[in-house]
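J.: give me the fold of what follows.
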Amino acid sequence: MNSTIKKIIIILLRLVCRAILWRHKPIVVAITGSVGKTTTKDIVAHGLASVEHVGKADKSFNSDFGVPLSIIGAPNPWGSVMGWMSVIYQGIKTIIKSKYPKILILEVGTRFPGDIPRLAKWLKPHISLITHIPNVPVHIEFFESRQHIVDEKSMLAKYTRKGGTIILNRDSEHVYNIAKMTEHPVLSIGFSEDADIRATNVERIIMDDGQYGMKFDVIIHNQILPVIVPGFVANHQIYGVLYAMAVADVLGYDTNQVALSMINLKSTPGRLNPLFGIKNTLILDDSYNASPAAMEAAIETLSNLNIPGRKIAVLGDMLDLGKMTMDVHNQIGLILKDNTHYAFLVGPRMEYAYQSAIENKYPKTKIFHVEKPLDVLPLIEKILKTGDAILVKGSQGMRMERLVAELIEDKENAHHLLARQDFEWTKR
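T.: Numbers count the residues shown, from 1 in each chain. Take a look at the predicted model:
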């Protein structure tokens, strides 16, 4: 599509979606942040679905095109103009239909300055969640500084409707500073004792099916609610549960029911998802995307696993980091020696990590640099042993899920287990 057609389609989508919101008046819960948006959306929607009729997109729809797809409940027609006309027609039918979700859980993303206010102005969320903004946020290449990204994310709070609530991560300094920028009531979540809703007593456990999970307590209004979640392997995954309980609390729903519902949570593909691998190994599939903070957290998670075998990292380039590219990849290289037994680095930017790891005395026989994800396969197959754990992570553009598809045991269900398995993605 050319730019003129895109603009026309965006205008039509916006008009239809505003009419849907006016007609059905759902409670709009909007989520932004540099990391964790989709996982948070999925967990919040799962928790609230135990107490109310909830609508959300199955995919990571968070742009001028994606948010309307979420509101209409339509699949992505990609570059098909006729496909988008069909979406708009479906939206018109949605305006007049009798049933519609009581709560909408939406992602609001940004790649360029102005993306969030352009969406938030007409969405006017009732509740806005901001997840985490690390020191080196993803897409910083397109902003002058980290503070400019913080300002961009804060626009979601600014355009939250009167009487709405802002829910912030108390453990994320740059996020919690947004509390100073808003006149809306603020509710905080986190592990900090200063958080209004906090997690404590965290334990990693083995579930009945042999997979990893976590159990922890949530303290809310001086009440302690126990939570068990299958598929969790890292503390930072718990934030989604805290956000779900915070939204339920704001809306007056039963937070205990939300806590109990987490035992049935299904992992979001490509987001630190533990999968059974070939040769009786464990695959930590974190292939959906990567930022420096998220990659460091994933490596730390791998390092902290209690497993009988070795810890192996397969890491792809982190994109959209601009002038910070070399420094952050160098930093990744420096932390590999103390946290992994083998490392496979993929892409031109990971050359920086490879060189810094070698300079930090990482054994040359245990670290490899290749150009593409599938180049790793013949190398890793030679060294894999029963009980090993393999972390696979990289930016979306690196398509690291292609390697995960070859490493998992259950290849027949790869379409359901892995990220980016739609036809449009697989042919790219």
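J.: going forward, measure contacts between C-alpha atoms and count neighbours the same way
T.: OK.
J.: next, the contact list for F142, please.
T.: Residues near F142 by Cα atoms under 8 Å, 6 or more residues apart in numbering: R111, F112, P113, D320, G322.
J.: from the residues you listed, which land in strands?
T.: Secondary structure from DSSP state E places none of the contacts of F142 in strands.
J.: so where's the stretch 101-250 of the chain uncertain?
T.: Across the stretch 101-250 of the chain, nothing is flagged by pLDDT under 70.
J.: skipping its backbone neighbours, what lies nearest G387 in space?
T.: Closest residue to G387 apart from its sequence neighbours, by Cα to Cα, 6 or more residues apart in numbering: G309 at 4.3 Å.
J.: follow-up on the earlier one: between the contacts of F142, which is nearest S261?
T.: Closest approach to S261 among the contacts of F142 (Cα to Cα): R111, at 33.4 Å.
J.: find the residue closest to that closest one in space, skipping its chain neighbours.
T.: H139 (5.8 Å).
J.: the one you found: neighbour count?
T.: By the criterion of other Cα atoms under 10 Å, H139 has 19 neighbours.
J.: when you give positions from now on, start the count at 18
T.: From this message on, residue numbering opens at 18, which makes the last subject H156.
J.: now for it: which residues touch it?
T.: Residues near H156 by Cα under 8 Å, 6+ apart: R128, F129, L336, D337, L338.
J.: where does the residue nearest to G404 sit: helix, strand or coil?
T.: Here G326 is recorded as coil under DSSP: H, G, I helix; E, B strand; the rest coil.
J.: state whether S80 is indeed within a strand.
T.: No. Applying three-state DSSP, one finds S80 to be coil, outside a strand.
J.: and the closest residue to it other than its chain neighbours, how many residues sit next to it?
T.: In space, and not counting its chain neighbours, S80 is closest to G126: 6.0 Å by Cα to Cα, 6+ apart. Other residues near G126 number 24, with proximity taken as other Cα under 10 Å.
J.: and for S373?
T.: As a burial measure, S373 scores 20 neighbours (other Cα under 10 Å).
J.: surely D266 and N273 touch.
T.: No. Using Cα atoms under 8 Å as the test, D266 is too far from N273 to be in contact (9.9 Å).
J.: D211: which element?
T.: Applying DSSP states H and E as the criterion places D211 outside every helix and strand.
J.: where's G90 relative to S284, distance?
T.: From G90 over to S284 the distance is 21 Å, taken as Cα to Cα, to the nearest Å.
J.: just give me the closest of the contacts of H156 to L396.
T.: Here the nearest of these to L396, counting by Cα to Cα, is L336; it sits at 24.4 Å.
J.: pull the contacting residues for the spatially closest residue to the closest one that is not a sequence neighbour.
T.: Leaving aside its sequence neighbours, L336 sits nearest to S412 (Cα to Cα, 6+ apart; 6.0 Å). Applying Cα under 8 Å, 6+ apart, we find S412 in contact with S304, Y305, N306, A307, S308, G333, D334, M335, L336.
J.: now do I255
T.: I255 touches A216, F249, counting by Cα under 8 Å, 6+ apart.
J.: try it again with 7 Å
T.: For I255, no residue meets the contact criterion (Cα atoms under 7 Å, 6 or more residues apart in numbering).
J.: so where's the longest helix in this protein?
T.: If you go by DSSP state H, the chain has its longest helix at helix 20-41.
J.: buried residues, that one. List them.
T.: Going by neighbour count (16 or more other Cα atoms under 10 Å), the buried part of helix 20-41 is 23, 26-27, 29-38, 41.
J.: beyond that helix, next helix or strand please.
T.: strand 44-49.
J.: enumerate every residue touching F78.
T.: Contacts of F78 (Cα under 7 Å, 6+ apart): V84, S87, E124.
J.: what do you get if the cut-off is 10 Å, keeping everything else the same?
T.: The contact partners of F78, taken as Cα atoms under 10 Å, 6 or more residues apart in numbering, are T55, V84, P85, L86, S87, P92, N93, L123, E124, V125, G126.
J.: biggest separation within these, which pair?
T.: Pairwise distances across the contacts of F78 peak at 18.1 Å for P92 and G126 (criterion: Cα to Cα).
J.: which two in the contacts of F159 are spaced the farthest apart?
T.: P130 and G339 (15.1 Å).
J.: which of the two has more neighbours?
T.: More crowded of P130 and G339, by other Cα under 10 Å: P130, with 16 against 13.
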